[in-house]
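Asks: Here is my input; please provide its structure:
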Amino acid sequence: MTESKAVSDSGLTVSDLTQEVKDVELNSAGEIDSGSDSNKESQTAEKKKKKKKKKKSKKKSIAQTDPPTIPITKLYPDNNFPEGEIQEYGKDFTMKTIFNKEEIKRKEKNEDNFQALNDMRRAAEVHRQVRKVAREYIKPGRTMTSIAETIENTTRLLVEEKGFEAGIGFPTGLSINHVAAHYTPNAGDNLVLSEQDVLKVDFGVHVNGRIIDSAFTMTFDPKYDTLVKAVQDATNTGIKAAGIDVRLTDIGEQIEEVMESYEIELNGKTYPIKCVRNLCGHNIAPYVIHSGKSVPIIKNGDNTKMEENEVFAIETFGTTGRGHVIEEGVCSHYAKNADLTPQQIGRIPLRIPRAKTLLNSITKNFGTLPFCRRYLDRIGEDKYLLGLKNLVDSGVVQAYPPLVDIPGSYVAQFEHTIVLRPTCKEVISRGDDY
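Replies: Numbers count the residues shown, from 1 in each chain. Model prediction:
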């Protein structure tokens, strides 16, 4: 991917903000060496001067601009990024840990674990600031393309996009109404947001492959408020239910119970709010957005357990429709198949020469991170559709078409990324907004 670095409008750097503090010589008693008695008065005056200098030597904190233009690392020069919301595990888990305190302390202090956590916290702070921009920018009359580009360009700026070290986690999802997921505009798409739309905003940020996946729903008519509330409530229920050794089906059961306790009246007709039964949350691995385990939003009998240090995207979808989605529409989302090794890919015959050059470009710029057609356009690829189709047909690249419920229905979504730390769960992407 083309490297796009941003410079702060203020021109400030960390070194500009660091001020020197003069050392004070101490004698063996730990006091300032005052010399002879005749010098005591002058030494006292000098002490006062030095105290005044120390007061002036406090580091200045940098405040984010509005709109934000300062990369997150400049706001936190010590590289300790804000902790997410901490939720305690249940009483049963707490009793288990009482006899293993030393082992838990060792795990919490593990340097690799902390670095991964800190990378996620940095990505999460970017996500919070970008979605604030998004909420202010998104309004009826905006095109989907302008919304997507605003979100993505702000992400690139604040995360200091740099290849596989930091950047966009996956294409910006801007699915409307009965489209539940996996829509982002392709080049030439002139779709415009309207006042009666229910818009799902789903975007990701990564630092060193640690992906923050978080989503929210925006509406412009209060008649949809109950739908939005139901889905947000269901997602928070799933987060609360999640934990080490918790069975996935038990989380789904609690989500389903909360979601389907709601109903909504639209245009004089009452609709039950249903879970979208074939959509679910998932765990996240480095550079892999969907990794192995799925977190259902209904009771499905999956007795697989969550495990310590796993990262999950807890997301729920509520709908006024049938509660089941199908693939339909023009595809925009793609990802290289993360289950295939380079050796396996090398043995797959590609009948179109353009597919081979395109695959090299995808590997170089995205690896296993999801991408969309606009991203291929951005890195200078053209005339790639036949080659892309060959890669999809061969299984080297996976296509993710839009997922839709019945026309005329409305789907809402909320999502957060959580980490199952040894002593607690951290809702990394939590913010004041949701």
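
Asks: For residue 109, report the pLDDT, please.
Replies: For residue 109, the model assigns a pLDDT of 64.

Asks: For the stretch 151-300 of the chain, which segments count as helices?
Replies: Ranges of helices within the stretch 151-300 of the chain are 225-241, 248-259, based on DSSP state H, counting those that start in this stretch.

Asks: If you count neighbours, what's buried in the shortest one?
Replies: For helix 248-259, burial by neighbour count (16 or more other CB atoms under 10 Å) applies to 248, 249, 250, 251, 252, 253, 254, 255, 256, 258, 259. No exception for glycine: its C-beta is placed from N, CA and C like everyone else's.

Asks: Also stretch 295-304?
Replies: In stretch 295-304, counting by 16+ other CB under 10 Å, buried: 295, 296, 297, 298, 299, 302.

Asks: so which of these comes closest to residue 337?
Replies: Proximity of these to residue 337 (CB to CB) peaks at residue 295, which lies at 22.0 Å.

Asks: Contact partners for the nearest residue to that closest one once chain neighbours are set aside?
Replies: Leaving out its chain neighbours, the residue that sits closest to residue 295 by CB to CB, 6 or more residues apart in numbering is residue 281, at 3.4 Å. Taking CB atoms under 8 Å, 6 or more residues apart in numbering, we find residue 281 in contact with 238, 294, 295, 296, 297, 312, 313, 314, 315, 316, 415.

Asks: how about the residues you listed in CSV, adding distance to residue 73 and pLDDT?
Replies: Formatted as CSV, the contacts of residue 281 follow (distance: CB to CB, whole Å; pLDDT from 0 to 100):
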residue, distance to residue 73, pLDDT
238, 32, 99
294, 34, 98
295, 31, 99
296, 37, 99
297, 36, 99
312, 26, 99
313, 24, 99
314, 28, 99
315, 28, 99
316, 33, 99
415, 25, 99
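
Asks: what's the helix ranked longest in the chain packed up against?
Replies: Under DSSP state H, the helix in the chain containing the largest number of residues is helix 111-137. Helix 111-137 sits against helix 72-75, helix 144-159, strand 198-207, strand 210-219, strand 411-420, with contacts defined as 3 or more CB pairs under 8 Å, 6 or more residues apart in numbering; DSSP states H and E.

Asks: now for the ones you listed, which one comes closest to residue 376?
Replies: Per CB to CB, nearest to residue 376 of those: helix 144-159, 13.8 Å.

Asks: hang on, the earlier thing: I'd like the buried residues of stretch 295-304 written out as CSV, with distance to residue 123 added.
Replies: Output for these, formatted as CSV (distance: CB to CB, whole Å):
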residue, distance to residue 123
295, 20
296, 26
297, 24
298, 30
299, 32
302, 28
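
Asks: Let me know the closest of the residues you listed to residue 222.
Replies: residue 297 (25.2 Å).

Asks: Settle this for me: the closest one is touching residue 256, isn't it.
Replies: Yes: with contact defined as CB atoms under 8 Å, residue 297 reaches residue 256; the gap is 6.4 Å.

Asks: joint contacts of those two?
Replies: residue 275.

Asks: Could you list the low-pLDDT ranges of the stretch 1-150 of the chain?
Replies: Flagging of the stretch 1-150 of the chain using pLDDT under 70 yields the residue ranges 1-60, 92-109.

Asks: and if we set it to 90?
Replies: 1-62, 90-113 (pLDDT under 90).

Asks: Need the contact partners of stretch 306-313.
Replies: So stretch 306-313 is in contact with 107, 113, 120, 210, 213-214, 242-246, 248, 281-285, 289, 293, 295, 415-422, going by CB under 8 Å, 6+ apart.

Asks: what's near enough to touch residue 363?
Replies: Per CB under 8 Å, 6+ apart, neighbours of residue 363: residue 336.

Asks: What would the one helix or strand it maps to look like as PDB? C-alpha coordinates only.
Replies: Here residue 363 sits within helix 353-365, counting by DSSP states H and E. Provided in PDB are the C-alpha atoms of helix 353-365 (Å, rounded to 0.1, in the frame of the first residue of the first chain):
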ATOM      1  CA  PRO A 353      -1.200 -14.000 -16.100                       C
ATOM      2  CA  ARG A 354      -2.700 -10.900 -14.600                       C
ATOM      3  CA  ALA A 355      -3.800 -13.000 -11.600                       C
ATOM      4  CA  LYS A 356      -0.200 -13.700 -10.700                       C
ATOM      5  CA  THR A 357       0.900 -10.000 -10.700                       C
ATOM      6  CA  LEU A 358      -2.200  -9.000  -8.800                       C
ATOM      7  CA  LEU A 359      -1.500 -11.700  -6.200                       C
ATOM      8  CA  ASN A 360       2.000 -10.400  -5.700                       C
ATOM      9  CA  SER A 361       0.600  -6.900  -5.200                       C
ATOM     10  CA  ILE A 362      -2.000  -8.100  -2.700                       C
ATOM     11  CA  THR A 363       0.600 -10.000  -0.700                       C
ATOM     12  CA  LYS A 364       3.000  -7.000  -0.700                       C
ATOM     13  CA  ASN A 365       0.400  -4.400   0.300                       C
END
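
Asks: So residue 276 versus residue 405, what's the distance?
Replies: Residue 276 sits 7 Å away from residue 405, going by CB to CB, to the nearest Å.

Asks: list residues touching both of these two?
Replies: The contact lists of residue 276 and residue 405 share 180, 319, 323, 324, 325, 411, where a contact means CB under 8 Å, 6+ apart.

Asks: Give the closest residue to the first one in space, chain neighbours not counted.
Replies: Leaving out its chain neighbours, the residue that sits closest to residue 180 by CB to CB, 6+ apart is residue 411, at 4.4 Å.

Asks: which residues touch the one you found?
Replies: 175, 177-180, 198, 200, 276, 317-321, 405.

Asks: What does the pLDDT read for it?
Replies: 99.

Asks: From residue 394, how far out is it?
Replies: 32 Å.
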